[in-house]
Structure formats: C-alpha cells, structure tokens
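Colleague: Please work out how this folds:
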Amino acid sequence: GAVPIILQARGWEALHARAGLAPRGVVGLCGAADSAAFALTYALDRLGYRQCADSALLLNLRGVVRVESYPFRRPSSSALEVTPAERLCALFVVVLAPANLPRLKRLAGAEAFSALVAHAYCFNPVDPEAKRRLVANYVSLVSQVPIYQLELEGGPQQVAAAQLILDAVSTTVLVSAAR
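Modeller: Next comes the predicted model:
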C-alpha cells in the first residue's frame, strides 16, 4: 500500500517483509518468493513468535534500528502491532533454490546491502537526494543488524524445512543477535 511509501517520505524506511516478534526483538523475513516468507512466518508462529508485520516492515534508523507500528492502521490490524520502538534483531532474505537441505548463510557488506535493497520500498526513485538517503540508511542497517540468506527448495516441504531451520537457529542466531 501507500502507507510505507508515505512514511518513507517522513524519514522512515520500509522493507517489503513479514516479521515475527522473537524473545529479544523482531525477526524480519523477505524474499522474492513470498510463499517461502509466508512459510517461515508460519514456522516462527509455531515457535511462539507472534507475527508483527504482514507485508511491510517499518524501520526507524535513528540510532539502533527499531521496528515501528503503522501510525494509522485499521483497528482489525492491532494484532500486528509491536511494542513502541521494538529492536530489529535479524533479517532473513529467503531464496527459493534447488537444495538438498535448507542452507543458511550470513551476509555482510555489499552482499547484504544488495540482498536487502531489492526489497526496499522507494518513495521517489528518480530523486537523487532520496536515493542517497536510501543508500545511507541501508548501509547503516546492514552494519547494525545480522542479515542472513536462507535457501529453501520450493514446494510443500517449505513449512517443515522452515520449522527445522528456525528451530536450529532460534537460540543461537536469534537470541545472540539481539545481544
């Protein structure tokens, strides 16, 4: 919708992503394969992490990266609300790829930037100042928040694979990343 783009014009960034609230912060899930991100959101829910973003993750990059709730949301979407200024502890970029097993890889620098900016909402892609601000904000984001690429094979086994990989990393990656 238009809300993430409007809020970007006011200084926030918005990432096309789903998210779950983990014990120490928010875990974002984005990817070209929306069904894979949906499967991972479902897996996070089964681990007890309440869904807090369905299609757009609003980021406040002033200081520590924080996730914000929509300031003007429908009453029916209150279940997606986060505690004010909840910390973003990890982002997973989901990629559908032929693989025998789900693979998790930590991304850094330009690789992390490229993976994330592909999912960024962009208020004004032709304005040089807006582009400069977007680049600066995403460089800041990847320097503060662990970014992971999660490769899953397509198909109905996604949910089971997502559950396994998130069970394996929830205590090591999600908890330690928030420290």
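
Colleague: Which parts of the protein are helices?
Modeller: For the chain, applying DSSP state H gives helices covering 3-9, 34-46, 109-117, 128-144, 158-169, 175-177.

Colleague: Could you list every helix and strand in contact with the longest one?
Modeller: Taking 3 or more C-beta pairs under 8 Å, 6 or more residues apart in numbering; DSSP states H and E as contact, the helices and strands that helix 128-144 lies on are strand 13-16, helix 109-117. (Glycine included, C-beta is placed from N, CA and C.)

Colleague: Can you tell me which of these is packed in deepest?
Modeller: Among these, strand 13-16 has the highest mean neighbour count (mean count of other C-beta atoms under 10 Å), at a mean of 22.

Colleague: Can you list the neighbours in contact with that one?
Modeller: Outside of strand 13-16, the residues within contact range by C-beta atoms under 8 Å, 6 or more residues apart in numbering are 4-5, 7-8, 28, 30, 55-59, 61, 91, 116, 119-121, 134, 137-138, 141.

Colleague: Which among these count as buried?
Modeller: Among the contacts of strand 13-16, those classed as buried by neighbour count (16 or more other C-beta atoms under 10 Å) are 4, 7-8, 28, 30, 56-59, 61, 91, 116, 119-121, 134, 137-138, 141.

Colleague: quick revisit: weakest of the helices and strands packed on helix 128-144 in terms of mean pLDDT?
Modeller: For those, the bottom mean pLDDT is recorded on strand 13-16, which sits at a mean of 88.

Colleague: Please save the CA atoms from that one in CSV.
Modeller: Output of strand 13-16 as CSV, limited to C-alpha atoms (Å, rounded to 0.1, in the frame of the first residue of the first chain):
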residue,chain,number,x,y,z
GLU,A,13,12.5,3.2,5.7
ALA,A,14,10.1,0.4,4.7
LEU,A,15,11.1,-3.1,3.7
HIS,A,16,8.7,-5.5,1.9
